[in-house]
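Asker: with the sequence up front, the predicted model follows.
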Amino acid sequence: MSDEPDTQGDHGGGQSGQKQDTPRSGQGGQQTGQPSSAPQDGQPPTQQDGQPRGGQTPGRPANGQSGSGGVDISPVLQEWAKFVTLLFAIGGAGAGLVLLLFDAIDEPLLEASGTGLGGGFGALMYSMIILVVGGLVPVVLAVFLGAYLHEQLRTTDEDPLKVAAAAVGAGVLVAFVLVSFIGTLTIDGASIAFGGVIINGIISALVAAGAAAGGVWTMQNQAP
């Protein structure tokens with residue numbers, strides 16, 4: 001009995017040797033041969049060329065958004081600032097021109113009816129108020145009225161520039177005359193100078209018409 005070979009031992013040894021010498025299946029080889037796509041050390045997954053997936057450069061905002069998630073408004077701000085500044089510049093230039101023409105023509109709006117100091121001072125003070133309310137303020141507003149009329153008339157066959165200039169000019173003339181006449185009702189010792197009111201009113205109307213045309217031109221050529 002001692003001469004019989006130990007078949008179980010040989011069989012077991014053969015199995016153990018087979019287990020040690022046999023390589024793993026192809027699936028295991030693929031797992032060891034390919035790099036893991038999982039991110040390591042907190043780094044995002046990258047493509048073969050080293051760029052992050054998604055085609056975006058790190059730190060650069062996409063779709064015009066800033067890094068904080070808001071919209072980058074600097075180009076929009078520049079366009080609108082230029083547009084609004086131009087409108088106010090036209091209005092300011094028109095108001096300055098009105099003052100120069102008033103001073104050059106030197107036609108009084110009110111005349112003192114008495115010889116006292118109170119009548120002359122009151123006439124001067126109210127004349128300045130009429131010039132500001134009836135002349136300067138409407139000229140500045142005329143620019144924005146021109147821009148508004150352009151928006152209302154751009155779909156019609158009428159020329160917005162001519163319509164705005166004529167309409168605003170007529171309106172400012174009427175406003176100046178009404179302010180001058182109604183304002184004198186509360187003034188003691190002064191009477192209205194009809195010639196001066198008409199002349200100064202026409203000056204204000206002409207300058208306001210030009211300012212309204214400037215507003216239309218700005219909308220046509222400089223609007224964002």
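Answerer: All right, it came through fine.

Asker: can you give me the neighbour number for the residue nearest to residue 131 when sequence neighbours are not counted?
Answerer: Leaving aside its sequence neighbours, residue 131 sits nearest to residue 102 (Cβ to Cβ, 6 or more residues apart in numbering; 6.3 Å). Glycine gets a C-beta too; all of them are placed from N, C-alpha and C. When neighbours are defined as other Cβ atoms under 10 Å, residue 102 has 20 of them.

Asker: tell me what the host helix or strand of residue 102 is packed against?
Answerer: Per DSSP states H and E, residue 102 falls inside helix 74-105. Helix 74-105 sits against helix 137-153, helix 194-221, with contacts defined as 3 or more Cβ pairs under 8 Å, 6 or more residues apart in numbering; DSSP states H and E.

Asker: can these go into TSV with extra columns for mean neighbour count and distance to residue 109?
Answerer: Output for the helices and strands packed on helix 74-105, formatted as TSV (neighbours: other Cβ atoms under 10 Å; distance: least, Cβ to Cβ, whole Å):
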stretch	mean neighbour count	distance to residue 109
helix 137-153	21	15
helix 194-221	22	5
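
Asker: of all those, which one comes closest to residue 77?
Answerer: Closest approach to residue 77 among the helices and strands packed on helix 74-105 is made by helix 194-221 (17.7 Å; Cβ to Cβ).

Asker: mean confidence score for that closest one?
Answerer: Over the span of helix 194-221, the pLDDT mean works out to 93.

Asker: now do it against helix 137-153, angle only.
Answerer: 40 degrees (axes from the mean of the first three to the mean of the last three Cα atoms, to 10 degrees).

Asker: how far does stretch 146-165 stretch from start to finish?
Answerer: The first and last residues of stretch 146-165 sit 8 Å apart, counting by Cα to Cα, to the nearest Å.

Asker: give me the contact list for stretch 209-216.
Answerer: Contacting residues not belonging to stretch 209-216 are listed as 87, 90-91, 94, 139-140, 142-147, 149-150, 160-161, 164-169, 172 [Cβ atoms under 8 Å, 6 or more residues apart in numbering].

Asker: and for stretch 83-92?
Answerer: 139-144, 147, 211, 214-215, 218, 222-224.

Asker: could the residues you listed go into JSON lines alongside distance to residue 82?
Answerer: Formatted as JSON lines, these follow (distance: Cβ to Cβ, whole Å):
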{"residue": "139", "distance to residue 82": "22"}
{"residue": "140", "distance to residue 82": "19"}
{"residue": "141", "distance to residue 82": "21"}
{"residue": "142", "distance to residue 82": "20"}
{"residue": "143", "distance to residue 82": "15"}
{"residue": "144", "distance to residue 82": "16"}
{"residue": "147", "distance to residue 82": "14"}
{"residue": "211", "distance to residue 82": "18"}
{"residue": "214", "distance to residue 82": "15"}
{"residue": "215", "distance to residue 82": "15"}
{"residue": "218", "distance to residue 82": "10"}
{"residue": "222", "distance to residue 82": "7"}
{"residue": "223", "distance to residue 82": "10"}
{"residue": "224", "distance to residue 82": "8"}
